[in-house]
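Asker: What shape does this take:
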Amino acid sequence: MISGKFAITLHILTLLSKHPEEYLSSEFISASLNMNPVLVRKEIANLKRNNIVESKEGKNGGTRLLRNASDVTLNDVFKMTFDNVTLGYSKNRPNQNCPVGKQINEKLGNLYEDMNLKISKQLKDISLLNFADTF
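Answerer: Okay, the predicted model is just below:
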């Protein structure tokens, strides 16, 4: 399902790309997002697992980009936040005796697969640097 994870992650990365040599605190980042620092740290943990950022603890600690913003595509961000986009399926098992019911989930699956391919194709051409430069 669609969630705000992509937007949150891209917000964090864009902010970090604007301060490439600095370690930004989760409090600083969360103030930009206007959300709880605990939730920001959760997203940062995902970015660390994907080797996009590094963090250090302590008085001058925080998080910064590990990779150059020009080397990170928005498709990379998409893949870190979603296995794939889906608009969902019916909670009820469709009637298998109905010509629509017996095929609806398969047809939706094909539609969602096509959507994901198109999203990935478009996002591959946009680097984090390209996106950040629009601010």
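Asker: would you list every one of the helices in the protein?
Answerer: 5-17, 26-33, 37-49, 74-81, 104-124, 128-132 (DSSP state H).
Asker: OK, contacts around the residue of the chain most remote from its centre?
Answerer: What lies farthest from the middle of the chain is residue 97; by CA atoms, centre = their mean that is 39.4 Å. Residue 97 makes no contacts at all, as judged by CB atoms under 8 Å, 6 or more residues apart in numbering. In this view, the C-beta of every residue, glycine as well, is placed from N, C-alpha and C.
Asker: Same question for residue 69.
Answerer: Going by CB under 8 Å, 6+ apart, residue 69 touches 13, 17, 20, 127, 128, 129, 132.
Asker: Give me the buried positions along stretch 6-19.
Answerer: By 16 or more other CB atoms under 10 Å, the buried positions in stretch 6-19 come out as 6, 8, 9, 10, 11, 12, 13, 14, 15, 16, 17.
Asker: what would these look like in JSON lines with distance to residue 78 and pLDDT?
Answerer: Converted to JSON lines, these look like this (distance: CB to CB, whole Å; pLDDT from 0 to 100):
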{"residue": "6", "distance to residue 78": "6", "pLDDT": "90"}
{"residue": "8", "distance to residue 78": "13", "pLDDT": "93"}
{"residue": "9", "distance to residue 78": "9", "pLDDT": "95"}
{"residue": "10", "distance to residue 78": "9", "pLDDT": "96"}
{"residue": "11", "distance to residue 78": "14", "pLDDT": "96"}
{"residue": "12", "distance to residue 78": "14", "pLDDT": "96"}
{"residue": "13", "distance to residue 78": "12", "pLDDT": "97"}
{"residue": "14", "distance to residue 78": "14", "pLDDT": "97"}
{"residue": "15", "distance to residue 78": "18", "pLDDT": "96"}
{"residue": "16", "distance to residue 78": "17", "pLDDT": "97"}
{"residue": "17", "distance to residue 78": "17", "pLDDT": "97"}
